[in-house]
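J.: compute the structure for the input listed below.
(one chain, ligands or ions: 1)
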Amino acid sequence: MSTAFPVPAPRAGAPRVVVVGGGVLGASTAAHLARAGARVDLVTEAEVASGASGRSLSWLNSAGARTDAYHLLRTVGIDRYRTFLARTGLGDRVRFDGGLTWAGPGESHKERHAHELSIGYDSVWLSPGEVAAWTPGVDAAAIAQEGAVFNPGEGWVDLPLLVDALLGQLRAAGGEVHTGTGRAVPLVTGGRATGVRTASGRTFPADAVVLATGPGVPRDLAGLGVHVPDSSPVSLLLETRPLEHPLRAVLNTPRVALRPTPRGTFVLDSGWSEEEVVVHAEGEYEVRGSTVEGLLAEASRVLAGNPRLEVARRGVGRKPIPGDGEPVAGALPEVVGLHVLFTHSGATLGLVLGEFTAREVLGERVPLLEPFRPQRFATAGS
Ligand SMILES: Cc1cc2nc3c(=O)[nH]c(=O)nc-3n(C[C@H](O)[C@H](O)[C@H](O)COP(=O)(O)OP(=O)(O)OC[C@H]3O[C@@H](n4cnc5c(N)ncnc54)[C@H](O)[C@@H]3O)c2cc1C
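T.: Sure thing, here's the model as predicted:
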């Protein structure tokens, strides 16, 4: 595979950085660091993309209303995917075929559409009968009578394939990937991060450490006496068996969200099915057959031709969401040299947060990260 980004010459005295976590944020940060000349080890407890990044809907978007700073970060995040696509040509893993959404009974998306137009976010209002002319594969009868919002600039990414490409860049730039290490913890000496120790007992010395352990971040920081509020819910993603179907856009409908994959399958999730997952203990989940059948039926209902869908894979586990819903990104004031990444919408933000974090580890201060620094929680609590 072509890396499509220049590989640096090894630099004497380049900083040594350990990135903990083999999801999209860890892989992206590690690749950006290595491309900038750092000596990088990526350490992850199991296989790469075995956490949230392996079971994500991965809709690339900044739809709806949110803070200006978060909207800007997300649109910059989407822009980086367009560059990635142009430079790598990896159109099997990143697509921009648009997103379609409509409201549930008793609700309306008219205000959302007006807001999107007001901030320049590409947004088109369509009657049910107009949808097919913009995007194929949707059952017009399932669309809300008032119509739907189509966002032509949105898309999706296959995160495991993206992680694979990023780790290819990391290795090409001299970095190393260590899988199956068991849980790793940052080592702190005299208030400074000095490396990482894994459950298997191996130590990786470092000048800086990046903690990108997805929903594990609040737990890992608590071990260092740092509190970051956590709202990570248990989530469920289903992947169907392959089928021939014309759907190209990401659909966000009242009862199901879904998108195509590079494998000719669909992935699906929803809020109600997520709530039906039974949690026996941390990491021990039960998914009822009725939940799976119900979600497949909801997906079939919105697809043109109402195809029979069969489940091939279910991904269940926690979805990283910080307590205030906004990304947590930046250096920890409590531990010099320890940087943290914990966010919802980590698919949309995967490339840009990796790039910005790498720049900060190497000494820059990135203005777009100011609103998202972890110390906002210390300020709130004091
Ligand atoms: C169902 C679902 C739908 C989603 N939909 C969207 C969407 O539409 N759009 C969007 O932008 N985002 C979406 N997201 C969010 C996005 O997928 C995540 O924000 C992103 O994948 C998080 O990546 P990460 O690298 O932070 O974490 P992860 O992918 O969880 O990776 C963390 C890795 O660290 C490892 N690890 C954990 N603790 C340790 C430790 N102590 N030592 C060593 N290794 C450790 C884990 O095993 C894991 O492999 C969705 C997520 C889910 C689950």
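J.: per-domain residue ranges of this structure.
T.: In terms of domains, the chain is parsed into 16-54+159-230+323-381, 99-148+233-318 (source: automatic domain parsing).
J.: comparing these, which comes out most buried?
T.: Most buried of these by mean neighbour count (mean count of other CB atoms under 10 Å) is domain 16-54+159-230+323-381; its value is a mean of 21. All C-beta atoms are positioned from the backbone trio N, CA, C, and that covers glycine.
J.: so how far is that domain from its chain's centroid?
T.: Distance, stretch centre to chain centre, for domain 16-54+159-230+323-381: 14 Å (CA atoms, centre = their mean, to the nearest Å).
J.: including distance to residue 82 and mean pLDDT, could the domains of the chain go into a markdown table?
T.: Conversion of the domains of the chain to a markdown table gives the following (distance: least, CB to CB, whole Å; pLDDT from 0 to 100):
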| stretch | distance to residue 82 | mean pLDDT |
| --- | --- | --- |
| domain 16-54+159-230+323-381 | 10 | 96 |
| domain 99-148+233-318 | 13 | 97 |
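J.: and the ones you listed: which comes nearest the ligand?
T.: domain 16-54+159-230+323-381 (2.2 Å; CB to the nearest ligand atom).
J.: spell out which residues of this protein are next to the ligand.
T.: Within the chain, the positions near the ligand by CB under 6 Å from any ligand atom are 20-26, 43-46, 50-53, 55-59, 159, 183-184, 212-214, 216, 220, 235, 237, 269, 319-320, 343-348.
J.: swap in 5 Å and give it another go.
T.: 21-25, 44-46, 50-53, 56-57, 59, 183-184, 213-214, 216, 235, 237, 269, 319, 345-348 (CB under 5 Å from any ligand atom).
J.: quick revisit: any chance of the domains of the chain in CSV, with distance to residue 65 too?
T.: Below are the domains of the chain laid out as CSV (distance: least, CB to CB, whole Å):
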stretch, distance to residue 65
domain 16-54+159-230+323-381, 12
domain 99-148+233-318, 5
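J.: to residue 67, which of these lies closest?
T.: domain 16-54+159-230+323-381 (7.1 Å; CB to CB).
J.: residue contacts, residue 296?
T.: Neighbouring residues of residue 296 by CB atoms under 8 Å, 6 or more residues apart in numbering: 238, 240, 268, 309-311.
J.: just checking, what packs against the helix or strand where residue 171 lies?
T.: Assessed by DSSP states H and E, residue 171 sits inside helix 159-172. Here helix 159-172 touches helix 24-35, strand 39-43, strand 176-178, helix 350-361, going by 3 or more CB pairs under 8 Å, 6 or more residues apart in numbering; DSSP states H and E.
J.: mind putting those in TSV, distance to residue 278 included?
T.: Formatted as TSV, the helices and strands packed on helix 159-172 follow (distance: least, CB to CB, whole Å):
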stretch	distance to residue 278
helix 24-35	28
strand 39-43	32
strand 176-178	34
helix 350-361	30
